[in-house]
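Q: build me a model from this:
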Amino acid sequence: MKRKFLQIMLIVFLTAMFLAGGHSFFDASAETVYAQDDGGGEDAQPVTFGPIVSAEGLVEPLNFVNMSFQTGGQISEILVNEGDQVQAGDALIQLDDQDLLLALAQAKARLTSAEAGLTVAQNQLTLAEVAITSAESGVDAAEANLALIKAGPRPEEIAAAEANIRAAESAIGQAAGNRDVALDVTSEADIFAAEANVAQTFSELRLLEENYQTILDTCFEVPGRGEICPLYGPVEESTREQLAAARATYEAALQGLEATRQGATAAQQRAAGGGVAVAVANRAAAEARLELLKAGATPEEIAIAEMGVRQAEAGVKLAQAELAASQAAVQQAEAAVVQARANEATAQAAVDRTTLRAPFDGEISRIDTSVGQLINPGSPVLMLADFDRWLVKTTDLTEVDVASVSEGAAVEVRLDAIPNDTVPGTVTKIALISDTSLGDVAYQTVILLDRAPDLPIRWGMTAFVEIESTEFGQQ
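A: Reported below is the predicted structural model:
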């Protein structure tokens, strides 16, 4: 304030001198220099450095913040002390968060349950998709079976049934031969005949086995429907019966050969006689089967096949309904997971808000709370400041002087507490709206000080600033 008073007195004195001397003090004290040519070909403009503009202000850090919690609660722990250096992200003060941690744990458990439910629903959907594919294949198989039944016996089926009859007749001859062997005296010719019979029946058995395997292998893939085997059914059944008869005939031939070599017992003689009857019965069955094939499918068989088609179609509709239900279940499970994740995020955010963290590197300048205190949202509890850089904000720069000040102007700053040192600075901001200082219209001006790590600058010190005023114009 003493400097301000002296400045005012100096201005009054200079004004009196100006009025008495008939010339301007500022004109007499101003210095005119010319800027260098910038190479653009134009004449350099004269730059007139006008008088120094003086003002007072207060020192404060470039960065500082009054910190508060977004939520209310009870202070459970203060993790720093005044004067501590902290880094961005460090925890400073902790609210009691036990209830919120419990809520977070519950939210995590619900999320885990929802994700498990989604997995189950997705597995059910996969099964439903497989089921509908299987049901559609069943329709194809049922329709193919109905078409075969309506078409009647194929030539290959008739041929197989006739071959079965021939095999049965051969078995009768073999059975009769066995019986004769059991009743007659065995000779070398008989043994030779029995061996030839074994070879013949074995050849017939091998042929039938190959035919039956061909029937089993005659299948084809219907795209998107699965495997269809059109020879399954009557043809396969007839050939299987013929193959069984051939195997029986071959076994009988082997037994006949053994009996011829060893001679028949009374029990074998009775068995040989019974073998003829069995062979005759097999031929009768084969003949009946041929007659059934020639007669074609009965209305009852066609009706059964048609019912099979309808049942397969009903199975497809049921599978489609189950697929739709599974899809809806997956959508519901996905929505539940989304909601559970949102709930977990909300619970985590609530827990995070109970910890006050440093927004930037700095020093704890003040703590305004204590452990156990109940605080409201927004109530300041701590001040954090970065004392690496300092500002001066003027308090009395009037409207008369501010017109001569511009951003970027050089400043010399003296502190009342450190009178023997000056700190250079730069004007960084000039207020657009005025304030009132001791009845005068004033504009707050912000000055960024150069780094002065060796000076004991502190928050709130009074500063006297001298701002270089620059005026541009033609001489």
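Q: pass me the low-pLDDT residue ranges in the stretch 251-400 of the chain, would you?
A: 263-273, 292-297 (pLDDT under 70).
Q: where along it do the strands fall?
A: 355-357, 362-367, 374-375, 380-394 (DSSP state E, counting those that start in this stretch).
Q: just those strands: most buried one?
A: strand 380-394 (a mean of 20; mean count of other Cβ atoms under 10 Å). The C-beta positions use only the backbone N, C-alpha and C, and glycine is treated the same way.
Q: how far off strand 362-367 does it point, in degrees?
A: Per axes from the mean of the first three to the mean of the last three Cα atoms, to 10 degrees, the angle that strand 380-394 makes with strand 362-367 is 110 degrees.
Q: helices and strands around strand 380-394, which ones?
A: Applying 3 or more Cβ pairs under 8 Å, 6 or more residues apart in numbering; DSSP states H and E, we find strand 380-394 packed against strand 46-68, strand 91-95, strand 362-367, strand 445-449, strand 462-472.
Q: quick one: which of these is nearest Ala116?
A: Of all those, it is strand 91-95 that lies closest to Ala116, at 33.2 Å by Cβ to Cβ.
Q: and the closest one, how far out from the chain's middle?
A: 33 Å (Cα atoms, centre = their mean, to the nearest Å).
Q: now do the SS call for Gln423.
A: Rather than Gln, residue 423 is Val. Assigned by DSSP: H, G, I helix; E, B strand; the rest coil, the conformation of Val423 is strand.
Q: SS state for the nearest residue to it once chain neighbours are set aside?
A: Leaving aside its chain neighbours, Val423 sits nearest to Val413 (4.6 Å; criterion: Cβ to Cβ, 6 or more residues apart in numbering). For Val413, the assignment made with three-state DSSP gives strand.
Q: export stretch 274-293 to PDB, keeping only CA atoms.
A: The C-alpha coordinates for stretch 274-293 follow below in PDB (Å, rounded to 0.1, in the frame of the first residue of the first chain):
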ATOM      1  CA  GLY A 274     -35.900-133.400 -38.000                       C
ATOM      2  CA  GLY A 275     -33.600-131.300 -40.200                       C
ATOM      3  CA  VAL A 276     -35.600-132.300 -43.300                       C
ATOM      4  CA  ALA A 277     -38.800-131.000 -41.700                       C
ATOM      5  CA  VAL A 278     -37.100-127.700 -40.700                       C
ATOM      6  CA  ALA A 279     -35.700-127.200 -44.300                       C
ATOM      7  CA  VAL A 280     -39.200-127.900 -45.700                       C
ATOM      8  CA  ALA A 281     -40.700-125.300 -43.400                       C
ATOM      9  CA  ASN A 282     -38.100-122.700 -44.400                       C
ATOM     10  CA  ARG A 283     -39.000-123.300 -48.100                       C
ATOM     11  CA  ALA A 284     -42.600-122.700 -47.300                       C
ATOM     12  CA  ALA A 285     -41.800-119.500 -45.500                       C
ATOM     13  CA  ALA A 286     -39.700-118.300 -48.500                       C
ATOM     14  CA  GLU A 287     -42.500-119.100 -50.900                       C
ATOM     15  CA  ALA A 288     -45.000-117.200 -48.700                       C
ATOM     16  CA  ARG A 289     -42.700-114.200 -48.600                       C
ATOM     17  CA  LEU A 290     -42.500-114.200 -52.400                       C
ATOM     18  CA  GLU A 291     -46.200-114.200 -52.700                       C
ATOM     19  CA  LEU A 292     -46.500-111.300 -50.300                       C
ATOM     20  CA  LEU A 293     -44.100-109.300 -52.400                       C
END
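Q: which residues in this protein form helices?
A: Using DSSP state H, the helices found in the chain span residues 2-21, 25-29, 98-151, 155-183, 188-217, 234-262, 266-295, 299-352, 399-402.
Q: dump those helices to a markdown table, plus mean neighbour count and distance to Phe464.
A: Listed next are the helices of the chain as a markdown table, based on neighbours: other Cβ atoms under 10 Å; distance: least, Cβ to Cβ, whole Å:
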| stretch | mean neighbour count | distance to Phe464 |
| --- | --- | --- |
| helix 2-21 | 11 | 5 |
| helix 25-29 | 12 | 20 |
| helix 98-151 | 16 | 52 |
| helix 155-183 | 20 | 120 |
| helix 188-217 | 15 | 109 |
| helix 234-262 | 20 | 115 |
| helix 266-295 | 16 | 125 |
| helix 299-352 | 15 | 46 |
| helix 399-402 | 16 | 14 |
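Q: ok, which of these comes nearest Pro419?
A: Closest among the helices of the chain, using Cβ to Cβ: helix 2-21, at 10.0 Å.
Q: circling back: and Ala168, which of the strands of the stretch 251-400 of the chain is closest to it?
A: That would be strand 355-357 among the strands of the stretch 251-400 of the chain, by Cβ to Cβ, at 94.2 Å.
Q: on that earlier part again, separation between the residue nearest to Val423 and Phe64?
A: Separation of Val413 from Phe64 (Cβ to Cβ, to the nearest Å) stands at 19 Å.
Q: same drill for these two, tell me which one is more crowded.
A: Neighbours were counted for Val413 and for Phe64 using other Cβ atoms under 10 Å; Val413 has more, 24 against 19.
Q: so what's the more buried one bridging to?
A: With DSSP bridges as the criterion, Val413 is bridged to Val423, Val465.
Q: could you double-check that it sits in contact with Pro424?
A: Yes. The pair Val413 and Pro424 passes the contact test of Cβ atoms under 8 Å, sitting 7.4 Å apart.
Q: now distance to Asp435 too, for the strands of the stretch 251-400 of the chain, in JSON lines please.
A: Output for those, formatted as JSON lines (distance: least, Cβ to Cβ, whole Å):
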{"stretch": "strand 355-357", "distance to Asp435": "33"}
{"stretch": "strand 362-367", "distance to Asp435": "25"}
{"stretch": "strand 374-375", "distance to Asp435": "32"}
{"stretch": "strand 380-394", "distance to Asp435": "10"}
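Q: Ala142: which of the ones you listed is closest?
A: strand 355-357 (68.3 Å).
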